[in-house]
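Enquirer: no FASTA, just this:
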């Protein structure tokens, strides 16, 4: 089967940097993605890693290491609006299937 | 960019009735759409994969007779919760695969409350 593990909660202060880790178990996948979800809203796409290494998009960066079955999302210059749930997601099944991790609730404090 | 519209955003129905949720891709054709269910403060659980012109593929443990999925066109998939019960109350979200393989767009979600 496929599974992902990530911390349930993370707390940080405005302006800080936070890293949300994700480890996974799968027999095969195409890439690892990260989604943000605010309470009551739909998930929104943040990043996608098909290859090992770091992908940077503004204040957010994502990393993948297939050999370690590990990835992370790095959020810099945290803002209050970054308080949300963050999901690591496996793309599998011919890109058709998204397998969501349990999500990490990030709380940003002043 | 690509948009997926979901309707209704909120619905309250009586126990024993059926309710239909629509998912539309507004500016692209979606041969494949996905339906998820999410309980408060939990992750999204994939319920089924909806393929245009063919039967949906349900995940293990999801009752196909209770959650009817129809993908009648390249821009519309519907989820019908039949004989709804209070335990079916949840947030239902659809998504559609965009033209680029690694792009998935989500609808706004539908809150279902069964009373």
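Expert: Now that the structure is in, tell me what you want to look at. This one's a predicted model, so the numbers in the text were calculated from it and none came from an experiment. Residues are numbered from 1 along each chain as shown, chains lettered A, B, ... in the order given.

Enquirer: which stretches of chain B have low pLDDT?
Expert: Applying pLDDT under 70 to chain B picks out residues B:1-2, B:101-102.

Enquirer: get me the contact residues on it for chain A.
Expert: If contact is defined as Cβ under 8 Å from any Cβ of the partner chain, the residues of chain B in contact with chain A are B:32, B:34, B:36, B:41-46, B:49, B:91, B:93, B:95, B:97, B:101-109, B:111. The way it works is simple: take the backbone N, C-alpha and C, and place the C-beta from them, glycine included.

Enquirer: of these, which belong to helices?
Expert: Helix and strand membership here follows DSSP state H; of these, not one is in helices.

Enquirer: buried ones among these?
Expert: In the residues of chain B next to chain A, burial by neighbour count holds for B:32, B:34, B:36, B:43-44, B:46, B:49, B:91, B:93, B:95, B:97, B:103-109, counting by 16 or more other Cβ atoms under 10 Å in any protein chain shown.

Enquirer: is the helix or strand containing residue A:54 positioned near chain B?
Expert: Element membership for residue A:54, per DSSP states H and E: strand A:53-57. No. Under the criterion of Cβ under 8 Å from any Cβ, chain B is not reached by strand A:53-57; the shortest gap measures 11.6 Å.

Enquirer: how many residues are close by residue A:75?
Expert: 23 (other Cβ atoms under 10 Å in any protein chain shown).

Enquirer: who are the contact partners of it?
Expert: Residues touching residue A:75, when contacts are defined by Cβ atoms under 8 Å, 6 or more residues apart in numbering or on different chains, comprise A:17, A:18, A:19, A:20, A:59, A:60, A:82, A:106.

Enquirer: that one - nearest residue in space that isn't next to it in sequence?
Expert: Taking Cβ to Cβ, 6 or more residues apart in numbering or on different chains, and ignoring the residues beside it in sequence, residue A:75 has residue A:18 as its nearest neighbour in space, at 5.2 Å.

Enquirer: pretty sure residue A:63 sits against residue A:56.
Expert: No. In this structure, residue A:63 sits apart from residue A:56 without contact. The criterion is Cβ atoms under 8 Å, and the distance is 9.7 Å.

Enquirer: comparing these two, which residue is more hemmed in?
Expert: Looking at residue A:63 and residue A:56 with other Cβ under 10 Å, you find the greater number of neighbours at residue A:63, namely 20 against 12.

Enquirer: got the contact list for residue A:27?
Expert: If a contact means Cβ under 8 Å, 6+ apart, then residue A:27 has residue A:2 as its contacts.

Enquirer: what's the spacing between it and chain B?
Expert: Going from residue A:27 to chain B by Cβ to the nearest Cβ, to the nearest Å gives 16 Å.

Enquirer: helix/strand/coil for that residue?
Expert: When states are read from DSSP: H, G, I helix; E, B strand; the rest coil, the local structure at residue A:27 comes out as coil.

Enquirer: who touches stretch A:53-73?
Expert: Residues contacting stretch A:53-73 (Cβ under 8 Å, 6+ apart): A:19-26, A:31-32, A:34, A:46-49, A:51-52, A:74-77, A:86, A:88.

Enquirer: which ones among the residues you listed map onto helices?
Expert: Among the contacts of stretch A:53-73, no member lies in helices (by DSSP H).
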